[in-house]
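A.B. asks: with the input below, show me the fold.
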Amino acid sequence: MSISFNHTIVASRDKRASAEFLTELFDLPSPTPFGRFMVVTLEHGACLDYADVPSNEEIHTQHYAFLVSDEEFDTIYGKIRSRGLPHWADPGATRPGEINRRDGGRGVYFPDPSGHSMEILTRPYGSGG
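C.D. replies: Purely as a prediction, here's the structure:
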């Protein structure tokens, strides 16, 4: 049996705004409604299903990492910088305004509109380089 990741639910304050933030930043197809979700489809068919959380409920922030090409990194990081989005080289946010160069690649962390920790990286960690 071949096991692959299919989807996860991403809690948000505004599912449409959060889903559109990601699709625009990553140059992905527009999100599509499915039941109570706004669905962002990634490469290979995996999906992020954005769902609204009532304002009286806490959103537990999660971390979402995306492996991108060098060209995609340049494009996405350019958008992050041009929009003045806060970003860091590390998950602890101790190196603001920087990128990391782990394993011979590049990576950066930034928040989405609901406060989730998003990351783009060009090489998987531990891959050498």
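A.B. asks: mark out where each domain of the protein begins and ends.
C.D. replies: 1-54, 61-129 (automatic domain parsing).
A.B. asks: dump those into JSON lines; add mean neighbour count and mean pLDDT as well.
C.D. replies: C-beta: built from backbone N, CA, C; applies to glycine. Below are the domains of the chain laid out as JSON lines (neighbours: other Cβ atoms under 10 Å; pLDDT from 0 to 100):
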{"stretch": "domain 1-54", "mean neighbour count": "15", "mean pLDDT": "96"}
{"stretch": "domain 61-129", "mean neighbour count": "15", "mean pLDDT": "96"}
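A.B. asks: contacting residues for the closest residue to residue 107 other than its chain neighbours?
C.D. replies: Leaving aside its sequence neighbours, residue 107 sits nearest to residue 121 (Cβ to Cβ, 6 or more residues apart in numbering; 3.7 Å). Residue 121 makes contacts with 65, 66, 67, 68, 73, 102, 105, 106, 107, 108, as judged by Cβ atoms under 8 Å, 6 or more residues apart in numbering.
A.B. asks: thanks again, I'm all set now.
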